[in-house]
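In: only geometry, no sequence info:
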């Protein structure tokens with residue numbers, strides 16, 4: 001016997017209630033910066049995150065773009081956590 005109640009959670013992506021990782025990470029040894037930004041055109045139930053990897057200058061600022069990639073929310077979190085555990089530091093500067 002069914003209750004007649006529809007489970008509305010079945011069509012909701014499990015990560016959609018979580019904010020995507022955003023901001024800058026810096027690896028001084030390698031001279032690299034990576035920027036995480038949410039893809040604004042992705043549907044709320046299927047969030048995507050861009051990462052932009054830059055070579056840094058001597059001041060630790062982004063100098064030249066190395067590559068850009070589009071990730072699923074889950075992949076972006078995995079990448080963020082791996083970089084943090086690998087020694088990358090969160091940058092609080094807001095680069096132009």
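Out: Yep, that arrived. For clarity, every value in this text was computed on a predicted model and none was experimentally measured.
In: so where is this structure shaky, pLDDT-wise?
Out: Applying pLDDT under 70 to the chain picks out residues 1-17, 44, 96.
In: where do the helices sit along it?
Out: Listed in chain order, the helices of the chain (DSSP state H) span 73-85.
In: which strand is the longest one in the protein?
Out: Determined from DSSP state E, the single longest strand within the chain is strand 62-72.
In: So which residues make contact with that one?
Out: The list of residues contacting strand 62-72 from outside it, by CB atoms under 8 Å, 6 or more residues apart in numbering, reads 32-33, 35, 39, 46-57, 79, 95. From N, CA and C alone the C-beta is placed, and that goes for glycine too.
In: And for residue 45, the neighbour number?
Out: 11 (other CB atoms under 10 Å).
In: distance of it from residue 74?
Out: Relative to residue 74, residue 45 is positioned 13 Å away (CB to CB, to the nearest Å).
In: now swap in residue 18 and tell me
Out: Residue 18 sits at a distance of 10 Å from residue 74 (criterion: CB to CB).
In: distance between the ends of stretch 21-36?
Out: From its first residue to its last, stretch 21-36 covers 6 Å (CA to CA, to the nearest Å).
In: That one: which residues count as buried?
Out: Of the residues in stretch 21-36, those buried by neighbour count under the rule 16 or more other CB atoms under 10 Å are 21, 24, 25, 26, 32, 33, 34, 35, 36.
In: Select, from these, the two members most distant in space.
Out: The span of the buried residues of stretch 21-36, defined through CB to CB, is set by 21 and 32 at 16.6 Å.
In: So residue 28 sits against residue 58, correct?
Out: No - the criterion here is CB atoms under 8 Å, and residue 28 misses it with residue 58 at 11.0 Å.
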